[in-house]
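>>> prediction below, plus the sequence it came from.
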Amino acid sequence: MSDSRNSMWGGRFAEGPSAIMREINASIPFDKALWREDIAASKAHVAMLGAQGIVSPDDAHAIAQGLDQIAEEYEAGGVPENWDLEDIHMTVEARLTELIGPVAGRLHTARSRNDQVATDFRLWVRGANARALAGIAALRGALVERAGEHADTIMPGFTHLQTAQPVTLGHHLMAYYEMLNRDSARISAAQDRLDECPLGSAALAGTGFPIDRDATAQALGFGAPTRNSLDAVSDRDFALDYLMAASQCALHLSRLAEELILWASQPFGFASLPDSLSTGSSIMPQKRNPDAAELVRGHAGRIIGAATALMITMKGLPLAYSKDMQDDKPPVFEAAGLLDLSLAAMTGMIAETTFKAERMRAAAQAGHATATDLADWLVRAADIPFREAHHITGEAVRLADAKLCSLEELSLTDLQAIDPRIDERVFGALSIDASVASRASYGGTAPDQVRQRVAEAREQLARAAGSMEE
Ligand code: ARG
């Protein structure tokens, strides 16, 4: 047997794999990130093999001890990268053979790398889901705190990025709370669906050995074993569920990032981002750049790209496992790193941004944001049909623009010249404070509504934190 023949599957090959084959085949450069999961799954498997009498108690013990030692080695010195060993599964097994000799070969009884990698990867994604849930909860917590502080802070609300109606900053921040609440629900649903263990599906058809799949599923913390071996080894929905939920979350983060970038710009002047999450310019001394927010906005593109990449890898693959599926890991690892970091950066920015309440108020004052309130007042107080009221209001806006003043600053004489049905009570409706306070419909921007939503959100977060600890 020539030395260049692969020790694991070299039996039927006359020569060693070519250098290109070796390189294209190797996943160890990235799947070494699965070493903890791989060892945990192998330990669950060998304990079951021992309990079922498929391997002797002594061999099962030796294998488990060897695996523990490998875990210690990797913890201390990292995972060695040898392309000849292809992937993390063969890397661990090769080391086990060095440590305990040929008995190591019994570990792979009644399993295949196909069910092994499906199990390892599920375990890894389960951790990613848990990290995302914690990261989202932290950001929701920061949003609720700032929304509570700013339930009464008035800012312009926009449509088409044109001043539309005054809203409260608390209301605006709570809009993002709602988005992240849905993200959290999506990740939780992904976590529930992931909760089945593929181990024991073997290569594709199950195994003839008397294995106990309930035992391995339970040992690895899964609710149940998967029900179809073909599906189990070729399913990557759990990774796609994560990536798609992560994409939607990243999309929300990028919208929030964009708002912070706009608000921190000088023409807006609504916010000043924390020093710790801004950078200076190497040439323009006055600059304070919102780089963290821009990168959160940018990372969303890469996360969405990762979801697209894995969908395209999976489309059209026949049952069961194909090697294309080895490409499932890099996009998930990349997206998870970016999402965790984006959530942490955004939590810091929300917690520490200084909101410029006076500037926001002045901007809300400036754009005739209470024009709808004037129209609504004409409907309510003077019983004018809304369409006509809209027209009358338009004339008032035109006059205010001509006089370079706000609607509130028009005199009663001015207003009555436009429509004699207007009386002095109208001024009660024209201030931005009155406008905001009047929008007290459920889910509206009125400070009292915002305070109620903030209180409910605090309870929701406390309940979720309680159930995470269970
Ligand atoms: N490194 C492989 C992967 O990540 C492990 C599964 C290999 N299975 C096989 N039949 N070649 O997909």
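Arrived safely, thanks for sending.
>>> so Phe427 is in contact with Glu408, correct?
Yes: with contacts counted by CB atoms under 8 Å, Phe427 reaches Glu408, the gap being 6.8 Å. C-betas here are computed from N, CA, C, even on glycine.
>>> His150: neighbour count?
Using other CB atoms under 10 Å, His150 has 23 neighbouring residues.
>>> can you give me the pLDDT of the nearest residue in space to it that is not next to it in sequence?
Closest residue to His150 apart from its sequence neighbours, by CB to CB, 6 or more residues apart in numbering: Leu169 at 3.9 Å. With respect to pLDDT, Leu169 scores 98.
>>> ditto for Ser467
You'll see Ser467 listed with a pLDDT of 82.
>>> for the residue in the stretch 351-470 of the chain that the ligand sits nearest to, what are its contacts?
Residue of the stretch 351-470 of the chain nearest the ligand, by CB to the nearest ligand atom: Met468 (30.6 Å). Met468 is in contact with 133-134, 137, counting by CB atoms under 8 Å, 6 or more residues apart in numbering.
>>> which one of those is nearest to the ligand?
Distances from the ligand to the contacts of Met468, taken by CB to the nearest ligand atom, are shortest for Leu133, at 25.9 Å.
>>> how many other residues sit next to that closest one?
If you count neighbours by other CB under 10 Å, Leu133 ends up with 18.
>>> what about it, distance to Gly157?
Using CB to CB, to the nearest Å, we find Leu133 at a distance of 31 Å from Gly157.
>>> now Glu86
Distance, Glu86 to Gly157, using CB to CB: 57 Å.
>>> the more surrounded of those two?
Neighbour totals were compared for Glu86 and Gly157, and Glu86 leads with 22 against 19 (other CB under 10 Å).
>>> can you classify Phe158 by secondary structure?
State at Phe158, reduced to three classes by DSSP: H, G, I helix; E, B strand; the rest coil: strand.
>>> what residues does stretch 207-216 touch?
41, 44-45, 47-49, 51-52, 54, 109-111, 197, 199-200, 224-225.
>>> just the pLDDT for the closest residue to Ala369 other than its chain neighbours.
In space, and not counting its chain neighbours, Ala369 is closest to Pro166: 4.6 Å by CB to CB, 6+ apart. Note for Pro166: predicted pLDDT of 97.
>>> for Pro166, give the beta-bridge partners.
Judged by DSSP bridges, the bridge partners of Pro166 are Pro156.
>>> how many residues are close by it?
The local packing of Pro166 (other CB under 10 Å) involves 27 other residues.
>>> for His45, which residues are in contact?
107, 110-111, 199, 216.
>>> out of the residues you listed, who's the most crowded?
Of the contacts of His45, with other CB under 10 Å as the count, Leu199 tops at 29 neighbours.
>>> tell me which element Ala71 falls in.
helix 57-77 (DSSP states H and E).
>>> I'd like the next helix or strand past that helix.
Counting by DSSP H and E, what follows helix 57-77 is helix 88-100.
>>> now that next one: buried residues?
For helix 88-100, a neighbour-count test (16 or more other CB atoms under 10 Å) marks 88-97, 99-100 as buried.
>>> can you classify Ile283 as helix, strand or coil?
Secondary structure, three-state DSSP: Ile283 is coil.
>>> which element is the residue most central in space within the chain on?
With distances taken as CA atoms, centre = their mean, Ala246 lies nearest the centre of the chain, 3.6 Å away. Under the criterion of DSSP H and E, Ala246 resides in helix 237-264.
>>> that older thread, quick check: the residue nearest to Ala369 vs Asn82, distance?
Distance, Pro166 to Asn82, by CB to CB: 65 Å.
>>> and Thr168, what does it touch?
150-155, 436, 445-447, 450.
>>> among those residues, name the ones in strands.
154-155 (DSSP state E).
>>> count of neighbours near Gly101?
11.
>>> my error: substitute Met244 in the last question.
Met244, neighbours per other CB under 10 Å, totals 18.
>>> please apply the same query to Ile24.
With other CB under 10 Å as criterion, Ile24 counts 13.
>>> would you mind measuring from it to Arg95?
Taken as CB to CB, the span from Ile24 to Arg95 is 24 Å.
>>> ok, Ala189 next?
38 Å.
>>> what do you get for Asn82?
10 Å.
>>> show me what from the stretch 251-400 of the chain comes close to the ligand.
321, 323, 325-326 (CB under 6 Å from any ligand atom).
>>> ok, of the buried residues of helix 88-100, which one's closest to the ligand?
Nearest to the ligand among the buried residues of helix 88-100, with distances taken as CB to the nearest ligand atom, is His89, at 6.0 Å.
>>> what about the strands in this protein?
154-159, 162-168, 196-197, 224-225, 271-272, 354-355.
>>> next, count neighbours for Ile187.
The burial count for Ile187: 25, using other CB under 10 Å.
>>> check contacts around it.
Ile187 is in contact with 129, 132-133, 136, 242, 245-246, 249, counting by CB under 8 Å, 6+ apart.
>>> and these, which two are furthest apart?
Ile136 and Tyr242 (12.8 Å; CB to CB).
>>> out of everything not next to it in sequence, what's closest to Trp309?
Small correction: residue 309 is Ala, not Trp. Pro331 (4.5 Å).
>>> you'd agree the one you found is up against Ala246?
No: counting by CB under 8 Å, Pro331 stays clear of Ala246, with 10.3 Å between them.
>>> how close does the residue of the stretch 301-450 of the chain found nearest the ligand sit to Ser467?
Here the residue of the stretch 301-450 of the chain nearest the ligand is Gln326; by CB to the nearest ligand atom that distance is 3.6 Å. Separation of Gln326 from Ser467 (CB to CB) stands at 36 Å.
>>> the more surrounded of those two?
Taking other CB under 10 Å, Gln326 and Ser467 do not tie; Gln326 has more neighbours (20 against 8).
>>> if I look at the nearest residue to that one once chain neighbours are set aside, how far off is Glu75?
Using CB to CB, 6+ apart and skipping residues adjacent in sequence, the residue nearest Gln326 is Ser27, 5.0 Å away. Ser27 sits 21 Å away from Glu75, taking CB to CB as the criterion.
>>> which residue of the two possesses the greater neighbour count?
Per other CB under 10 Å, whichever of Ser27 and Glu75 has more neighbours is Ser27, with 22 against 11.
>>> neighbours around Arg398, how many?
Around Arg398 there are 11 residues (other CB under 10 Å).
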